[in-house]
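fold the following and give me the result.
(chains A and B)
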Number of protein chains: 2
Amino acid sequence: MALLTRFTSTRPPYVMSQTHSVDWLARAHASSEAALERLDDADREAFAVKMAWLIRRVGCSPDSIARRASVLPDFTACESDGAVPNVLYDDPRTDGGHGAHPHGHSAATRTELFARAVDAYFAHEYASVRDAPDDLIHVTCTGYVSPSGAQKMVAARGWGGRTRVTHAYHMGCYAALPAVRIAAGFIASGAECVDIVHTELCSLHLDPSDHRLEQLVIQTLFADGLIRYAMTASDDGPGLLPLSACEVVLPDSANAMRWVSSDWGMQMALARDVPDRIAGELRGFILELYRRAGLELDAIKRSVFAVHPGGPKIIDRVREVLELEPAQVQTSRDVLLDHGNMSSATLPHIWMRLLADPRVPRGTLIPSLAFGPGLTVAGTLLEKR
Amino acid sequence: MALLTRFTSTRPPYVMSQTHSVDWLARAHASSEAALERLDDADREAFAVKMAWLIRRVGCSPDSIARRASVLPDFTACESDGAVPNVLYDDPRTDGGHGAHPHGHSAATRTELFARAVDAYFAHEYASVRDAPDDLIHVTCTGYVSPSGAQKMVAARGWGGRTRVTHAYHMGCYAALPAVRIAAGFIASGAECVDIVHTELCSLHLDPSDHRLEQLVIQTLFADGLIRYAMTASDDGPGLLPLSACEVVLPDSANAMRWVSSDWGMQMALARDVPDRIAGELRGFILELYRRAGLELDAIKRSVFAVHPGGPKIIDRVREVLELEPAQVQTSRDVLLDHGNMSSATLPHIWMRLLADPRVPRGTLIPSLAFGPGLTVAGTLLEKR
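Model (predicted):
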């Protein structure tokens, strides 16, 4: 047996309301355009107004995402009258309108910012942890640095001979599920305690010179997320017990979602029909997940769902297709509202809430779903213990 | 039980002798310097001569690495009278001396070249494979693209509902060992067959504008490597049976080796004392590896070593510290001579040779060692079956 337990999350330091983020994004795009096209102040202002209108029209509204957190101060500059300097992106409010980095700083700078934030997070997160885990799985798709924050912390704590570090990198939003699968394998091979740590710093990967609608949508969805939990070789609660798992790469969907190492950070591509493509597979997928756990599909009625909220639409589609009550996906909506899409860190935030929520009784089934490039649909059926 | 078996490797299409590679590197550095510093032809030629002298002095000699392969034609341009165009790096012989990309092309181009080569490799490699594995672990530290070549092949073959893809990325030269560890966990969790595929395209990550000695050393060591093998839930040979494993992050060594996502591909840092630091840990490490397999250290005498040949020096140090006969590390030297350092693909090439070698009888112990950022020392003790 193996149990997911001991969830702790840390909110990145800079939090911006979604309403302000539209203004910030519009200004960053205008600053970039002004630098590249040598716009004067009036044209830049007009461009910002146009971008704000577009972003409000196509982007995720404050009804679905109220706030997002970042390790960068950049996004909060607009809320603090320019007192906070931008470190990665240009903003005419704080850079004097020079527009020196119309794409944001280069990949090397983004990687260094990632390393600094993640090193600090690991050091702080483990400062009061007394027992070395057998394994530490570090999950991210937003920064690649070796040695990693995980390895540095393990060495600094003197755990280098005890804790094996594994990087589960570049799988995207669904990566909690392969991480849990890898952890379950380590437990099956004799480990007692496997820590899983997600450090997703999505805010490091904007390119404000890319004004395509698809990018504007993406830029209103993603946020930074930091969370840690453990899989233990025990079935004593409280915790979440994996009953079954399933992972599928859909055919003919390779171009529907991409996440690629590029010049100005990582670059995402996201087709509009992703929620529909996923929805088309969901019934069969869920049926298989329950079947593998020896359960009939009518057990759905007594289940609470953990759905990776890539955006608000995918939660709607899951609800429709599986004919769920609003309450059955409410926690997924709540996490989206409070945090935005934190890539692979999102699903563990939902698990953490469901585990702590006294309204969700022990014995509740928690089918958990996440989606990513492939297209990959990944899921696990958990039981609250 | 679990057995490593069914090794098949593919040599990347462009093979260059080490002797020629020194000339190529010297010219690429001179072309870069000429573009950045506006050197005239005479100064560029003088710079090339100086670089060739330096590279011969500090770099790996043709006695240790005879040839290296790449997916890029660039390096063979010098051997074919300029008939082959350079795609990533400038060379005055083929670009007319313009020096348009003094660092080589950008990270985005390198990533696209990686994707194209790796997609083609997976499609070709699996064209004649009939049975879908339960799991496919894709190992690389030289290109991050989602969906990956692994995912695309799985989808194209109609295996999307059967084969789970796992990315084991960005661990560096020792990554075969965590990959084997992850595979063993999948087998322990019920999988029958786990494929492991390494695609290391190190040749995509040079920056010829960086003339530091450390970089010159690195640029004479690394090469591209493509290899596939399987772990099966069977102990019938022929194959290699893992008896024990060990993985250690050394203290105070975080800066000794780095591998970081950067502007002109991935950037490596490598301190001169890495072989000595590793050597200092080796005796205790090997002792522990044998102890975990229930064996005494005198079993070393009847062992053949698979040592990741980061460079020729580390093999020498392993031999010295463990008092080995030359024959006990000869296969590691042979793979270095024939291929160079193919990062994580190197150790599997050594395993493949030892498994196929009739002079290595069944029952032979094969302690296997690899090293990477952390510093990490990773090992497994295999037995030939």
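
who's in contact with the residue in chain A that chain B sits nearest to?
Nearest residue of chain A to chain B (C-beta to the nearest C-beta) works out as residue A:185 at 2.0 Å. The C-beta positions use only the backbone N, C-alpha and C, and glycine is treated the same way. With contact taken as C-beta atoms under 8 Å, 6 or more residues apart in numbering or on different chains, residue A:185 is in contact with B:182, B:184, B:185, B:186, B:188, B:189.

now with 10 Å, please.
Neighbouring residues of residue A:185 by C-beta atoms under 10 Å, 6 or more residues apart in numbering or on different chains: A:2, A:135, A:191, A:194, B:135, B:166, B:181-191, B:194.

who's residue A:138 bridged to?
residue A:167, residue A:197 (DSSP bridges).

helices of the stretch 251-385 of chain A, start to end?
A:274-292, A:312-322, A:330-339, A:346-356 (DSSP state H, counting those that start in this stretch).

packing partners for the shortest one?
Yep, that's helix A:330-339 we're talking about. For helix A:330-339, the elements it packs on are strand A:67-70, strand A:224-232, strand A:306-307, helix A:312-322, helix A:346-356, strand A:365-372, judged by 3 or more C-beta pairs under 10 Å, 6 or more residues apart in numbering or on different chains; DSSP states H and E.

using JSON lines, lay out these together with mean pLDDT.
Conversion of those to JSON lines gives the following (pLDDT from 0 to 100):
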{"stretch": "strand A:67-70", "mean pLDDT": "97"}
{"stretch": "strand A:224-232", "mean pLDDT": "98"}
{"stretch": "strand A:306-307", "mean pLDDT": "98"}
{"stretch": "helix A:312-322", "mean pLDDT": "95"}
{"stretch": "helix A:346-356", "mean pLDDT": "98"}
{"stretch": "strand A:365-372", "mean pLDDT": "97"}
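
just those: most buried one?
Mean neighbours per residue, mean count of other C-beta atoms under 10 Å in any protein chain shown, is largest over the helices and strands packed on helix A:330-339 for strand A:306-307, with a mean of 28.

now that strand: how far from the chain's centre is it?
13 Å (C-alpha atoms, centre = their mean, to the nearest Å).

go on, stretch A:113-127?
Using C-alpha atoms, centre = their mean, the offset of stretch A:113-127 from its chain centre is 17 Å.

tally of neighbours for residue A:333?
18 (other C-beta atoms under 10 Å in any protein chain shown).

quick one: contacts for residue A:235?
Contacts of residue A:235 by C-beta under 10 Å, 6+ apart are A:1, A:2, A:3, A:241, A:383, A:385.

and these near chain B, which?
Of the residues in the contacts of residue A:235, proximity to chain B by C-beta under 10 Å from any C-beta of the partner chain holds for residue A:2.

contacting residues around stretch A:56-66?
A:17-23, A:25-26, A:68, A:213-223, A:309, A:311-313, A:315, A:333, A:336-341.

so which bits of it are buried?
In terms of neighbour count (16 or more other C-beta atoms under 10 Å in any protein chain shown), stretch A:56-66 has its buried residues at A:56, A:59, A:60, A:62, A:64, A:65.

start to end distance for it?
14 Å (C-alpha to C-alpha, to the nearest Å).

that stretch: how far from the chain's middle?
Distance, centroid of stretch A:56-66 to centroid of chain: 17 Å (C-alpha atoms, centre = their mean).

quick one: mean pLDDT for it?
Mean per-residue pLDDT for stretch A:56-66: 97.

could you export the host helix or strand of residue A:22 as CSV, CA atoms only?
Following DSSP states H and E, one finds residue A:22 within helix A:18-37. C-alpha atoms of helix A:18-37 as CSV (Å, rounded to 0.1, in the frame of the first residue of the first chain):
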residue,chain,number,x,y,z
GLN,A,18,-6.5,39.1,-12.3
THR,A,19,-8.0,42.5,-13.0
HIS,A,20,-4.6,44.2,-12.6
SER,A,21,-2.9,41.5,-14.6
VAL,A,22,-4.8,42.5,-17.7
ASP,A,23,-3.5,46.0,-17.4
TRP,A,24,0.0,44.8,-16.7
LEU,A,25,0.0,42.5,-19.7
ALA,A,26,-1.4,45.2,-22.0
ARG,A,27,1.3,47.6,-20.9
ALA,A,28,4.0,44.9,-21.3
HIS,A,29,2.8,44.1,-24.8
ALA,A,30,2.7,47.8,-25.7
SER,A,31,6.1,48.4,-24.3
SER,A,32,7.5,45.6,-26.4
GLU,A,33,5.7,46.8,-29.5
ALA,A,34,6.9,50.4,-28.9
ALA,A,35,10.5,49.2,-28.7
LEU,A,36,10.4,47.0,-31.8
GLU,A,37,8.3,49.3,-33.9
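
thanks a lot, catch you later.
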